[in-house]
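Q: Take this sequence and fold it.
(one chain, ligands or ions: 1)
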Amino acid sequence: MKKISNKPVLFIDRDGVIVFEQQVDCFDKIIYKPGVFNGLSQICREGNFEVVLVSNQDGVGTPAFPFDNFYGPHNRIMETLAGEGIRFDNTLIDFSLPSDNCPGRKPGTAMLEEYKNNGYDLQNSFMIGDRLTDMKLAHDMGIKGIWFTYKDIFDRKVADIDLVPKKDEYDALKSTIALQSNNWLEIANFLVGSDNRLERTAKVVRNTKETKIELSVNLDGSGKGNIETGLEFFDHMLAQVLRHSNMDINLKAQGDLGVDEHHSVEDIAIVLGTAIREALGDKRGISRYGFNILTMDEVLAQCALDFSGRPYFVWNVEFKREYIGSFPTEMFEHFFKSFSDGAMCNLNISVSQGNSHHMIEAVYKCFAKAIRQAIYRYPFSNELPSTKGVL
Ligand SMILES: [Mg+2]
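A: Numbering: from 1, shown residues only. Below you'll find the predicted structure:
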């Protein structure tokens, strides 16, 4: 009877992915890839995949590679994985030699026939393999590939790697490869993490009768972007945020500056806060808290923030001047209050007395550095930094 399933399938190569060796014909050659137990058990536990091992084992059954030499170590590998909750729903191994041109030998898909038309969710299925032939198989199956290799494979010296992929073959399969990584925890996070976005970006467009604002942010940027608010001093302050937070920000704002700067400053702050909040997603793996203390000549500024999901704002800043250039100093309080509302963060800012320009510049830099710390995402962490279970 044909098996009917609507599950996605996770096809996994063995050699070069679960273990290092390309031909494991004795127990000594069983050396596991780092993180495979942790990553793969998370995938088996939390994912909804039908898990299938797909492997080429050249010439098993020939005098050069007798069945016993294959099955002894292979069964040991499978038993060890099973002990960690990693069980395969099916195991498909091709024993032919490359010269046999067997249609079941990867990248041939003849062994995978039963997965082609039985209702499996191929759109959400993946093949994890260390060779481009594995990605070719993914392509021919109409599924996505996870290429288990160095991210900088093409920049590596040949001596570092035992497989030299061909760039043109890679280019032809590029659209099939959903992830290129040889880190099992990253792969687990990609496949079953609740926040599997590789990019933390957001774009917010806000048009009202008073302002038209378009802002895009990349939390994992390099401090690049363009700020255009029509307010020169404000641009200068936002450029500090860009530079010291390391976020990429592109901001274009057109406001009713003929009335005054109030609406522009307020709305830009709301949009910036909203964009960061959206880019943070469910906040898994982030530091959450950020703080900084910073000196600029005679002044000392400090900022602490918490992306807690609740806005709260404390402002211990007192300017002795009403304007810096033509920019009213009272607008700064309004900016940070509105940011706190948009980002839904707790924001606490203070600065000592001094030159007003130094005071506010130090505050913006300090604020930017606190953001940089708070949005930091621990590599491959899926942890939510809260005891409540939600932020
Ligand atoms: Mg392999």
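Q: I'd guessed residue 149 sits against residue 128; true?
A: No. Residue 149 is beyond contact range of residue 128, at 10.8 Å (criterion: Cβ atoms under 8 Å). C-beta: built from backbone N, CA, C; applies to glycine.
Q: Okay, now stretch 46-53: how far is its last residue from its first?
A: Terminal residues of stretch 46-53 lie 18 Å apart, using Cα to Cα, to the nearest Å.
Q: how about that stretch, does it get close to the ion?
A: No. Using Cβ under 5 Å from the ion, stretch 46-53 stays clear of the ion, with a minimum separation of 11.2 Å.
Q: and if you look at stretch 90-105?
A: No. Taking Cβ under 5 Å from the ion as the criterion, stretch 90-105 and the ion are apart, separated by no less than 12.1 Å.
Q: contact partners of that stretch?
A: Identification of contacts with stretch 90-105 by Cβ atoms under 8 Å, 6 or more residues apart in numbering yields 50, 52-62, 78, 106, 108-112.
Q: For ChimeraX, what selects the buried ones among those?
A: Those of these that count as buried under 16 or more other Cβ atoms under 10 Å are selected in ChimeraX with:
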select :50,52,53,54,55,56,57,58,59,60,78,106,108,109,111,112
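Q: so how far is stretch 73-83 from its chain's centroid?
A: 31 Å (Cα atoms, centre = their mean, to the nearest Å).
Q: Which parts of that stretch count as buried, going by neighbours?
A: 73-74, 77-78, 81.
Q: for stretch 317-326, same thing?
A: Neighbour-count burial for stretch 317-326 [16+ other Cβ under 10 Å]: 317, 319, 324.
Q: between these, which is closest to the ion?
A: If you rank those by distance to the ion using Cβ to the ion, residue 317 comes first, at 59.9 Å.
Q: Look at the closest one and report its pLDDT.
A: On pLDDT, residue 317 comes in at 98.
Q: same check, this time on residue 257
A: 86.
Q: That one looks like it's in a helix, true?
A: No. Residue 257 is assigned coil when assessed by DSSP: H, G, I helix; E, B strand; the rest coil, not a helix.
Q: doesn't residue 230 make contact with it?
A: Yes. With contact defined as Cβ under 8 Å, residue 257 reaches residue 230; the gap is 5.4 Å.
Q: Mutual contacts of the two, please.
A: Counting by Cβ under 8 Å, 6+ apart, the residues touching both residue 257 and residue 230 are residue 264.
Q: Can you show me the strands along the stretch 251-391 of the chain?
A: For the stretch 251-391 of the chain, the strands defined by DSSP state E, counting those that start in this stretch occupy 289-296, 299-306, 312-316, 323-324, 327-328, 346-351.
Q: quick one: which of those is nearest the ion?
A: strand 289-296 (42.5 Å).
Q: contact partners of the closest one?
A: 300-306, 358, 361-362, 365-367, 369-376, 385.
Q: Please apply the same query to stretch 59-67.
A: 23, 25, 57-58, 70, 93, 95-97.
Q: biggest separation within the residues you listed, which pair?
A: 25 and 96 (16.4 Å; Cβ to Cβ).
Q: If we ignore the residues flanking it in sequence, what's nearest whatever residue of the chain ends up closest to the ion?
A: Using Cβ to the ion, the closest approach of the chain to the ion is made by residue 16 at 3.5 Å. Of all residues not flanking residue 16 in the chain, residue 130 sits nearest, at 3.4 Å (Cβ to Cβ, 6 or more residues apart in numbering).
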